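>>> sequence below, structure please.
(one chain, ligands or ions: 1)
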Amino acid sequence: MSILRIDSSANTTDSVTRALTDRIIAKLGDTDVTVRDLAREPLPQITHTWAIARVTPEENRSDEQSEALAESDKLVAELLAADTIVIGAPIYNFSVPASLKA
Ligand SMILES: Cc1cc2nc3c(=O)[nH]c(=O)nc-3n(C[C@H](O)[C@H](O)[C@H](O)COP(=O)(O)O)c2cc1C
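All right, here's what the predicted structure looks like:
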């Protein structure tokens with residue numbers, strides 16, 4: 001079983017949600033764990049180029065548009081490849097962190 005672990009708390013030292021994801025991962029006891037730490041390695045926000053690229057047929061995309069989609073395509077593939085997804089998410093201002101939405 002492959003697990004995708006996503007941590008989204010900005011707090012990297014005393015985080016409650018990171019402690020919870022630690023415990024869940026330990027209980028699942030699987031060695032095939034991919035980690036996405038959105039505080040230590042933030043994802044880019046979407047841009048105009050990305051927004052236009054995603055509705056442009058692949059054969060008509062410029063190099064810049066293809067590049068803009070490459071990272072999100074990789075992230076989607078990572079998500080789909082996982083059997084189990086463990087998400088650590090605090091509530092920030094009545095919602096999930098912007099880093100997780102990205
Ligand atoms: C900027 C900020 C905004 C927050 N907004 C909310 C909120 O709207 N509702 C809530 O219940 N808790 C809110 N909290 C509290 C956090 O969700 C809570 O402390 C959580 O355990 C933090 O997770 P962490 O310890 O993994 O960082 C907020 C915390 C911060 C730092």
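
>>> how close does D37 sit to S66?
27 Å (CB to CB, to the nearest Å). Quick note: C-beta positions are derived from backbone N, CA and C, even for glycine.

>>> neighbour-wise, which of those two wins?
More crowded of D37 and S66, by other CB atoms under 10 Å: D37, with 16 against 13.

>>> name the nearest residue to that one, ignoring sequence neighbours.
Excluding the flanking residues, the one nearest D37 by CB to CB, 6 or more residues apart in numbering is D7, at 5.0 Å.

>>> show the backbone phi and psi for that neighbour.
Per-residue torsions, D7: phi -110, psi 140 (degrees, to the nearest 10).

>>> contacting residues for it?
Counting by CB atoms under 8 Å, 6 or more residues apart in numbering, D7 makes contact with 15, 17-18, 21, 35-39, 88.

>>> repeat the analysis, applying 7 Å as the threshold.
Each residue near D7 by CB atoms under 7 Å, 6 or more residues apart in numbering is listed here: 18, 21, 37-39, 88.

>>> next one: A10
Residues near A10 by CB under 7 Å, 6+ apart: 39, 97.

>>> how far away is it from the ligand?
7 Å (CB to the nearest ligand atom, to the nearest Å).

>>> can you narrow the contacts of D7 to ones near the ligand?
Filtering these for proximity to the ligand by CB under 6 Å from any ligand atom leaves R18.

>>> which positions in the protein make contact with the ligand?
9, 11, 15-18, 90-94.
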